[in-house]
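Participant: What follows is a predicted protein model with its sequence.
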Amino acid sequence: MITKSVVLRCDPERAFSLFTEHAGQWWPADRRHTGDATSTIRIEATGRFFERANDGTEVELGAVRLFAKASRLVLDWYPGTDREHATEVDVRFEAVENGTRVTVTHDTGGASADVFARNAPAYARSWDLVLAAVASRG
C-alpha cells in the first residue's frame, strides 16, 4: 500500500473540484497517457475517469467507484494494469487548519499482490509528482 498526502490552501469543496473537474489544468505532462501535454483529464460523478487529447483520442484511466463531493473519491486505476486487474486509489479530502489535506492511498484492488509490488515504485514516484502539481494550483 502507498499513502501520500499534501495540504492545499483551499477548502475541501475547492480541493475536490480541483482534483476532479480541473485535473487537466495541473496534471504533470509526463504523466499523461495520450501524449498530449494539454489533454483534458476528467474524473466524473457519472463513473468516468479518462483523458482526452485535443485530436479526440481518449484513454480510459479508470472508473469512479465513489464520488462523495468534498470528502472522498474511490477509483479503479488502470495505468500499470488493465480494467480486469485495476488497482484501487482512495482519495480523502479533510479540512485542516489553513486548508485541506488530500490523502491518496493506492492499493492492490483487483490486481495481484505481485503486480502491485512490481508497479509500486512507479506509482509512488507518480503520486509525488501529481500531488506536488495539484499543490501548486491549490
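Facilitator: Received the coordinates, thanks. Numbers count the residues shown, from 1 in each chain.
Participant: The helix ranked longest in the chain: which residues count as buried?
Facilitator: Longest helix of the chain, by residue count under DSSP state H: helix 113-137. Neighbour-count burial for helix 113-137, counted by 16 or more other Cβ atoms under 10 Å, picks out 115, 116, 119, 120, 123, 126, 127, 130, 131, 133, 134. All C-beta spots, glycine's among them, are computed from the backbone N, C-alpha and C.
Participant: what do you get for stretch 83-103?
Facilitator: 85-93, 99-103.
Participant: Which two among those are spaced furthest apart?
Facilitator: Spatially, the most separated pair among the buried residues of stretch 83-103 is 85 and 99, at 35.1 Å (Cβ to Cβ).
Participant: Now do the buried residues in stretch 34-45.
Facilitator: For stretch 34-45, a neighbour-count test (16+ other Cβ under 10 Å) marks 34, 36, 39, 40, 41, 42, 43 as buried.
Participant: can you pull the contacts of the third one?
Facilitator: This means residue 39. By Cβ atoms under 8 Å, 6 or more residues apart in numbering, the residues touching residue 39 are 24, 32, 51, 52, 53, 54.
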